[in-house]
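> Need a 3D model of the sequence below.
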Amino acid sequence: MTYNPYSLTTNSTLADLELRNDSVTPDTLGLEVERFFKARPEAVGVLIRDEHQFYGLLSRTSCFEKMPQSFCGTTFSRRPVKMLVEHLKTTSLQLNATSPISEAVREILGRPSSGFYEPIIVKCENDEYRFVDITTLMSAQCDIQLRQKKIAEIANHEKSNFLANMSHEIRTPLNGILGFTDVLRRGVKSKEQQQEYLDVIYKNGEHLLGLINDILDLSKIEAGCMEFEKLDCSPHKIISDVLSTMRVQAKPKGLYLECQWESGVPEMINTDPTRLRQILMNLVGNAVKFTTEGGVKLIAKLDVSHNPPQFIVEVHDTGIGVKPENMKNIFSAFTQADSSITRSFGGTGLGLTICRQIAEGLGGDLAVESEFNKGSVFRIRVDAGTMEGVKLFDVPPTEALTAGSYAKRNYEESNLLQSLHVLLVDDGKTNRDLVSLILTNANAIVTCAENGEEALAEYERGSFGVILMDMQMPEMDGYTATRILRSRGCSLPIIALTANAMRGDRNKCLAAGCSDFLTKPINIDHLLQTVGVYSPLSKTSSNSKAQSEEKPFCLPSDDMTPIVSDLPIEIPQLLLIVEEFIERFKIKLVEMQIALDKGNWTLLEELAHWLKGTGGTAGFNCLTKHAYQLETAAQRKEKELANSLIFDLRIMGSRLSTKNAVSSI
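Predicted coordinates for the structure are as follows:
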């Protein structure tokens with residue numbers, strides 16, 4: 001067989017190489033062996049054997065170099081090859097086919113110089129013998145070492161990129177924490193502003209803690225020290241907690257976030273609730289982050305056909321999806337599926353790696369299906385433990401949820417820099433907010449851009465004194481934007497503003513055309529001092545200010561008695577959940593009627609099933625019975641009953657309310 005050098009590893013054995021089995025019988029005359037070698041220049045040896053016994057190996061070297069020393073040509077040609085082998089008294093190195101290639105190389109290097117180039121006899125299964133020449137063996141060892149070297153270089157490169165990205169991800173929240181803390185230390189007049197800045201600090205602290213936890217989890221997994229504590233827990237409560245937390249992120253983007261059960265809802269499963277929640281938080285968080293239109297839907301079910309039963313959750317999103325060529329890297333620890341996506345959306349790329357390892361530790365796995373620009377489905381399954389004596393509900397119970405909120409930002413002015421017009425380019429909103437606050441308080445005029453392309457456009461429109469340029473951004477990074485600005489004759493000071501603080505980053509920024517270099521987290525004094533050095537103090541320009549938008553609540557109807565949610569809607573996040581449900585319920589009712597009119601019973605059943613689970617979760621348990629009956633009617637294709645139930649649901653829906661006001665449907 002011919003070996004493939006790309007298939008060899010450090011564990012490869014002699015059996016993985018190209019072993020030869022050229023042989024002659026022991027009674028073959030020397031002349032015939034000589035002719036054999038002359039006719040086959042590639043042959044380095046020949047085995048001497050018959051059906052009863054193996055005599056040894058005669059190499060080309062022995063045949064043409066050593067033999068004439070003891071015999072003349074005539075004697076050599078007339079003797080049986082068995083006698084010649086016995087007379088030479090050469091002992092060939094013999095190893096088993098299971099011997100590692102590296103071990104065989106060490107054996108060769110330890111042989112006397114006289115036998116260094118002799119082939120190695122390889123004993124295979126069933127006492128079969130083969131041999132391998134020294135060139136093939138050494139070449140294979142070189143292939144292994146070169147391949148291992150390449151793998152090590154790739155791994156080292158990936159880890160270096162990972163560390164650089166991790167440095168950026170860690171320093172970004174640190175920038176917000178230290179920067180706004182410094183602002184508070186210098187004094188803020190209003191309590192509202194103090195609370196707003198504290199919210200930013202807290203939010204960034206939570207983000208930083210998440211990054212550190214990811215790193216620690218990965219290190220535990222790689223060291224085999226990840227521990228799991230399996231307890232009886234409510235799967236629906238875990239899902240409800242996750243959805244409750246993530247609605248804060250989904251609501252501002254106009255995304256729906258819902259859960260549907262495809263089986264009975266088990267009261268309890270036996271798993272690690274903390275780790276299961278961690279997986280779902282990561283998967284739902286990613287789905288919300290990478291989705292701009294549509295939403296995220298969780299489909300949960302209990303698979304009792306598996307032994308032991310398994311709890312399965314599918315996270316469906318209508319987001320950007322994953323390109324087919326990037327699917328192979330999606331669960332890799334030190335690689336990103338797409339580096340441009342990483343810069344656009346942030347993150348370390350550790351989450352999915354950790355999730356898969358945790359899922360396997362809980363007796364299951366994590367799989368993904370994705371279609372680029374259409375969405376993805378992540379499927380998590382974990383062992384649920386025995387279901388003996390466990391109650392199964394037809395619909396999930398309503399869960400109590402809690403949440404926090406973050407306020408809007410307003411800024412004060414102080415009096416340091418005088419009328420300096422600064423172009424601030426940074427893809428991070430927190431970074432832009434903080435630097436803008438510092439410079440505006442110093443009496444500068446700040447214009448913001450979110451990437452290099454916007455920076456080029458703003459530069460052409462405005463008149464600036466200094467440019468603050470983040471170096472890592474989506475669309476066009478700071479290095480490219482700086483080079484383009486310099487090529488267009490821009491002589492303004494360009495100060496690199498980056499969370500990359502590893503060795504060589506400063507030189508890289510200066511080589512791109514930057515005038516100076518600032519690292520994140522931002523030090524206020526250092527920022528003001530550096531910008532002040534390049535301030536011409538005289539340039540002015542108009543600056544447009546972004547106005548915040550107030551989002552309206554649901555509009556009330558006339559005097560109908562309201563149906564109020566059972567949830568404690570004084571909690572802001574629960575109010576958002578209920579409002580979102582009422583809005584989606586309006587749309588679903590229209591879809592139900594259309595499905596009924598078109599005879600699309602499958603869709604009507606799915607819509608009723610959605611309402612059966614989601615209505616109770618939103619605190620409107622009065623809808624559950626009608627939804628259950630409508631689902632049954634759709635299964636039986638009872639049009640008259642279905643139409644009556646939809647009419648009743650429309651009446652009930654018109655009375656749904658978040659407080660004492662009624663939402664009109």
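> now K297, what's its secondary structure?
Secondary structure, DSSP: H, G, I helix; E, B strand; the rest coil: K297 is strand.
> Hmm, it is touching W261, no?
No: at 11.8 Å, K297 does not count as touching W261 under the criterion of C-beta atoms under 8 Å. Backbone N, C-alpha and C define where each C-beta goes, glycine included.
> neighbour-wise, which of these two wins?
W261 (22 against 18; other C-beta atoms under 10 Å).
> and V533, how many neighbours does it have?
Using other C-beta under 10 Å, V533 has 12 other residues around it.
> Could you do G385 as well?
20.
> Now for the closest residue in space to it that isn't next to it in sequence: which residues touch it?
Spatial nearest neighbour of G385, chain neighbours left out: N270 (2.8 Å); criterion: C-beta to C-beta, 6 or more residues apart in numbering. Counting by C-beta atoms under 8 Å, 6 or more residues apart in numbering, N270 makes contact with K230, L231, D232, C233, D383, A384, G385, T386.
> quick one: the last one and N175, what's the gap?
T386 sits 50 Å away from N175, going by C-beta to C-beta, to the nearest Å.
> elements contacting the helix or strand containing L137?
Using DSSP states H and E, L137 falls within helix 134-185. Counting contacts by 3 or more C-beta pairs under 8 Å, 6 or more residues apart in numbering; DSSP states H and E, helix 134-185 packs against helix 101-109, helix 191-222, helix 429-441, helix 524-533.
> and I577, which of these is closest to it?
Across the helices and strands packed on helix 134-185, I577 has its closest neighbour in helix 191-222 (20.3 Å, C-beta to C-beta).
> R247 reaches I577, doesn't it?
Yes: at 5.7 Å, R247 and I577 qualify as touching, with contact defined as C-beta under 8 Å.
> Same drill for these two, tell me which one is more crowded.
Taking other C-beta under 10 Å, R247 and I577 do not tie; I577 has more neighbours (25 against 22).
> Can you list the buried residues in stretch 421-433?
By 16 or more other C-beta atoms under 10 Å, the buried positions in stretch 421-433 come out as H421, V422, L423, L424, V425, D426, D427, G428, T430, N431, R432, D433.
> what's the offset of that stretch from the middle of its chain?
Offset of stretch 421-433 from its chain centre (C-alpha atoms, centre = their mean, to the nearest Å): 27 Å.
> and the gap between Q310 and I154?
For Q310, the distance to I154 under the criterion C-beta to C-beta works out to 36 Å.
> who's more crowded, those two?
A count of neighbours by other C-beta under 10 Å puts Q310 above the other of Q310 and I154, at 23 against 12.
> For stretch 459-474, buried residues please.
Going by 16+ other C-beta under 10 Å, stretch 459-474 has these buried residues: Y459, F464, G465, V466, I467, L468, M469, D470, M471, Q472, M473, P474.
> Return the residues in contact with the first one.
With contacts taken as C-beta under 8 Å, 6+ apart, Y459 has the following neighbours: L423, I467, L485, C490.
> hang on, the earlier thing: average pLDDT across the helix holding L137?
Mean pLDDT, helix 134-185: 79.
> what stretches of the stretch 401-550 of the chain score poorly on pLDDT?
Applying pLDDT under 70 to the stretch 401-550 of the chain picks out residues 401-416, 499-504, 521, 536-550.
> Would you map the strands across the stretch 551-665 of the chain?
Assigned by DSSP state E, counting those that start in this stretch, the stretch 551-665 of the chain shows strands spanning 563-564, 656-657.
> Turn those strands into JSON lines, including mean pLDDT, distance to A287 and mean neighbour count.
Formatted as JSON lines, the strands of the stretch 551-665 of the chain follow (pLDDT from 0 to 100; distance: least, C-beta to C-beta, whole Å; neighbours: other C-beta atoms under 10 Å):
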{"stretch": "strand 563-564", "mean pLDDT": "80", "distance to A287": "31", "mean neighbour count": "18"}
{"stretch": "strand 656-657", "mean pLDDT": "82", "distance to A287": "27", "mean neighbour count": "24"}
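> Format these as JSON lines; extra columns: distance to L645.
Below are the strands of the stretch 551-665 of the chain laid out as JSON lines (distance: least, C-beta to C-beta, whole Å):
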{"stretch": "strand 563-564", "distance to L645": "17"}
{"stretch": "strand 656-657", "distance to L645": "16"}
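> how about those strands, which one is nearest H306?
For H306, the closest of those is strand 656-657, at 39.1 Å, according to C-beta to C-beta.
> quick check, distance from that closest one to the centre of its chain.
In terms of C-alpha atoms, centre = their mean, the centre of strand 656-657 is set 40 Å apart from its chain centre.
> partner strands of that strand, parallel or antiparallel?
In the sheet, strand 656-657 lines up against strand 563-564 (parallel) (DSSP bridges).
> quick one: the strand it pairs with to chain centroid distance?
42 Å.
> Equivalent analysis for stretch 593-601, please.
So, by C-alpha atoms, centre = their mean, the centroid of stretch 593-601 is 40 Å from its chain's centroid.
> what's that stretch in contact with?
Residues contacting stretch 593-601 (C-beta under 8 Å, 6+ apart): L603, L604, L607, A634, Q635, K637, K639, A642, N643, I646.
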